[in-house]
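**Student:** Sequence unavailable; structure follows:
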């Protein structure tokens, strides 16, 4: 199994509080992604990173920010959580752009915003 | 219209049946992935295709680039194959922004 872990795996928080999800990899892969998964939707890209300190927005980036200060860690922050951000969040890593390489996913982080 | 469409959305079959899940896409691609997600579980990559056909155990994935269509087949299906199967495409000429996903096919194999 690829070395990719997410934390926390489950979190319940209140509207307006900040939340940070962490994705940690031991594969030294260049590309890292944060997705959210909601019923009735496919996985949707929030933000991605193509190197240390190199990040860009995805399809549903409003209300989220990311940081990557080290190759192995990619943090997703909700500055002020809202109920619409209740979701399951997946981190993914890949060694190639355009996803022509193998893709590995973390086990997901279930976030509930009350 | 979604760029990646899967059919059927839901499929229930008996153990031992031959299963086919379809994926159609409307953009040029560099690669197509089939992923598997068990209930409450993480997501696992099954195949990555850019042409032709791949086989792994009882799973077979095919792609027709001209028709913009891919199929995932499961032979001799088993209850442990029950999962959501997700098709995802990496767009041709795309940058580092990853995949575009279908909504998934929920497969249940009954004993």
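**Tutor:** Nice, thanks for sending it over. These figures come from a predicted structure and were not determined experimentally.
**Student:** tally of neighbours for residue B:86?
**Tutor:** For residue B:86, the neighbour count with other Cβ atoms under 10 Å in any protein chain shown is 27. Yep, even glycine has a C-beta here, placed from its N, CA and C like the rest.
**Student:** what about stretch A:63-70 and chain B, any contact?
**Tutor:** No - residues of stretch A:63-70 are not located near chain B by Cβ under 8 Å from any Cβ of the partner chain, the shortest gap being 12.4 Å.
**Student:** So which bits of that stretch are buried?
**Tutor:** A:64, A:66, A:68 (16 or more other Cβ atoms under 10 Å in any protein chain shown).
**Student:** Let me have those residues in a markdown table, adding secondary structure and pLDDT as columns.
**Tutor:** Converted to a markdown table, the buried residues of stretch A:63-70 look like this (DSSP: H, G, I helix; E, B strand; the rest coil; pLDDT from 0 to 100):
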| residue | secondary structure | pLDDT |
| --- | --- | --- |
| A:64 | strand | 97 |
| A:66 | strand | 97 |
| A:68 | strand | 97 |
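**Student:** Nearest to residue A:16 among the residues you listed?
**Tutor:** Nearest to residue A:16 among the buried residues of stretch A:63-70 is residue A:64, at 15.3 Å by Cβ to Cβ.
**Student:** give the contact list for the closest residue to that closest one other than its chain neighbours.
**Tutor:** Distances taken as Cβ to Cβ, 6 or more residues apart in numbering or on different chains place residue A:46 nearest to residue A:64, at 5.2 Å, with adjacent residues excluded. Contacts of residue A:46 were listed using Cβ atoms under 8 Å, 6 or more residues apart in numbering or on different chains, and they are A:34-36, A:58-61, A:64, A:66, A:76, A:89.
**Student:** Give me the distance between the helix or strand residue A:46 falls within and the centre of its chain.
**Tutor:** Assigned by DSSP states H and E, residue A:46 falls within strand A:44-51. Centroid displacement of strand A:44-51 relative to its chain, using Cα atoms, centre = their mean, to the nearest Å, is 8 Å.
**Student:** Partner strands of the following helix or strand past it and their direction?
**Tutor:** Once the chain leaves strand A:44-51, the next helix or strand it forms, by DSSP H and E, is strand A:54-57. Note on strand A:54-57: by DSSP bridges, its sheet partners are strand A:44-51 (antiparallel).
**Student:** Pull out the buried residues from the partner strand.
**Tutor:** A:44-50.
**Student:** avg pLDDT for stretch B:64-74?
**Tutor:** What stretch B:64-74 shows for mean pLDDT is 96.
**Student:** repeat for stretch B:41-56
**Tutor:** Here the average pLDDT along stretch B:41-56 is 91.
**Student:** any idea how far it is from the chain center?
**Tutor:** 8 Å.
**Student:** Next, the distance between the ends of that stretch.
**Tutor:** Distance between the two ends of stretch B:41-56: 21 Å, counting by Cα to Cα, to the nearest Å.
**Student:** Show me what that stretch is in contact with.
**Tutor:** Outside stretch B:41-56, the residues that touch it by Cβ under 8 Å, 6+ apart are A:43, A:90, A:92, A:99-108, B:29-37, B:59-63, B:65, B:70, B:72, B:85-86.
**Student:** Is there a quick ChimeraX command that grabs whichever of those are buried?
**Tutor:** This is the ChimeraX syntax for the buried subset of the contacts of stretch B:41-56, where burial follows 16+ other Cβ under 10 Å:
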select /A:43,90,92,99,100,101,103,104,105,106,108 /B:29,30,31,32,33,34,35,36,37,59,60,61,62,63,70,72,85,86
